[in-house]
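K.L.:
This is the structure alone, sequence omitted:
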């Protein structure tokens, strides 16, 4: 639980969200047979609007009558998620995986939903099973690394990230996650070096560069180098957001044990 809390605080400082970058191509873009898992109950286009409770219940009844129907199940799970019913969402995805155990894309969706819900242990099981069944691209190992990092198993996480890098050399998303694992482990200097190297290879306007810069600002701040951290952070954040982050970092550095406090929150 401490490692998960640390992850949340790092996300707060950098205003990034580890899952958004670590799980590149997460739930919204991982689909089955070309369908979007955010599909609505009417099998139309995805919508960001809060779904109707009544229509969601109606869709749920349709799916319960045909629980092996992946399209209906994913649509129902997405609506439950938007309504804040995360446990129900996960239960639907679990049923789908149990009915389609060899479908690695579906297992990927379930694993990432578990991770997003703060359940890295069962998420790890899904990613390992997925890899064992043949889905061993960089995204699979990157996701596994995130599940391990969320448990505070940073060395194991970096081993998984290394496997991801073998499949996608120089990928800034993976490098960002490795650097973040060093930050959480109490080694911001090493993270800084990695992030600076990665930034030299990524176009400044690339969204990945923004994520790298904000974690660089975090690494600098945790070394007490606030002037540099403020400058880097200000390239993407508003002045108010920058100052909020700097104030949080100062409180962390003022603690008796910065790293324990970071992990406790």
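P.N.:
Okay, I see it. Keep in mind it's a predicted model, so treat the numbers as computed, not measured.
K.L.:
helix or strand right after the helix or strand of the chain with the lowest mean pLDDT?
P.N.:
The helix or strand of the chain with the lowest confidence, counting by mean pLDDT, DSSP states H and E, is helix 18-22 at a mean of 33. Following helix 18-22 in sequence order, the next helix or strand is helix 53-65 (DSSP states H and E).
K.L.:
Find the helix or strand that the nearest residue to residue 196 once chain neighbours are set aside is a member of.
P.N.:
The shortest distance from residue 196 to any non-neighbouring residue, by CB to CB, 6 or more residues apart in numbering, is to residue 216 (6.7 Å). Just so you know, the C-beta spots here come from the backbone N, C-alpha and C atoms, and that holds for glycine as well. Under the criterion of DSSP H and E, residue 216 resides in helix 207-221.
K.L.:
what do you get for residue 155?
P.N.:
Here residue 155 sits within helix 154-167, counting by DSSP H and E.
K.L.:
who's in contact with residue 240?
P.N.:
By CB atoms under 8 Å, 6 or more residues apart in numbering, the contact set of residue 240 is empty.
K.L.:
What does the pLDDT read for residue 245?
P.N.:
On the pLDDT scale, residue 245 is placed at 85.
K.L.:
Could you shift the numbering so residue one becomes 8, and keep it that way?
P.N.:
Okay, using 8 as the starting number, the last item reads as residue 252.
K.L.:
What segments of the stretch 158-272 of the chain are strands?
P.N.:
Applying DSSP state E, counting those that start in this stretch to the stretch 158-272 of the chain gives no strands.
K.L.:
Can you pull out the low-pLDDT segments for it?
P.N.:
For the stretch 158-272 of the chain, the stretches with pLDDT under 70 are 262-272.
K.L.:
try it again with 50
P.N.:
Where the stretch 158-272 of the chain drops to pLDDT under 50, the residues are 263, 266, 268-272.
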